[in-house]
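Student: Could you look at this predicted model? Sequence included:
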Amino acid sequence: MDMHAEQIQGFFDIPVDNLFARSLLLEAGKAVKLKWPMVAAPDIGSIKLVRVFAEGLQAEYAVIDKRRVNAKQVECNALIGDIAGKDVVFFGRICSTGET
């Protein structure tokens, strides 16, 4: 679901469809009825995805400016956006270790 890039479909020897979970996740996010919703992106590459979710939830969004040092270590440089007192919904495209 939600392939990192549409081009991945070309690596398969069988037909592949990219299934999108966006509408289901937005529906679930709205059902929670957060008082102060804020959507956060784990990196610069997720801004487009997070912006769509923020608009769907009628929320603001924040972005973490980070760089990957190696496969298991990241370095956070800055947080762009004010998350103080907000109910943060964190959206990432890829999860390798879950430690970020």
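Tutor: On my side now, so go ahead.
Student: The longest strand anywhere in the chain - contacts with which helices or strands?
Tutor: If you go by DSSP state E, the chain has its longest strand at strand 60-70. Judged by 3 or more CB pairs under 8 Å, 6 or more residues apart in numbering; DSSP states H and E, the packing partners of strand 60-70 are strand 37-41, helix 47-57, strand 73-80. (Glycine included, C-beta is placed from N, CA and C.)
Student: Tell me which residues are up against the shortest one.
Tutor: It refers to strand 37-41. 29, 47, 49-50, 53-54, 57-64, 81, 83, 86-92 (CB atoms under 8 Å, 6 or more residues apart in numbering).
Student: 10 Å - rerun?
Tutor: Residues outside strand 37-41 that contact it (CB atoms under 10 Å, 6 or more residues apart in numbering): 29-30, 46-65, 79-93.
Student: again, but for stretch 62-75
Tutor: Contact partners of stretch 62-75, identified using CB under 10 Å, 6+ apart, comprise 38-47, 50-51, 54, 76-83, 86, 88, 90, 92, 96-97, 99-100.
Student: one step back: of the contacts of strand 37-41, buried ones?
Tutor: With burial judged by 16 or more other CB atoms under 10 Å, the buried subset of those is 29, 46, 49-50, 53-54, 56-57, 59, 61-64, 81, 86, 89, 91-92.
Student: before we move on, back to that, quick one: the helices and strands packed on strand 60-70 as JSON lines, columns for mean pLDDT and distance to Q9 too.
Tutor: Formatted as JSON lines, these follow (pLDDT from 0 to 100; distance: least, CB to CB, whole Å):
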{"stretch": "strand 37-41", "mean pLDDT": "91", "distance to Q9": "25"}
{"stretch": "helix 47-57", "mean pLDDT": "89", "distance to Q9": "19"}
{"stretch": "strand 73-80", "mean pLDDT": "86", "distance to Q9": "28"}
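Student: closest to A5 out of these?
Tutor: Among these, the nearest to A5 by CB to CB is helix 47-57 (12.4 Å).
Student: Counting by contacts, list what that closest one packs against.
Tutor: Under the contact criterion of 3 or more CB pairs under 10 Å, 6 or more residues apart in numbering; DSSP states H and E, helix 47-57 touches helix 22-32, strand 37-41, strand 60-70, strand 87-90.
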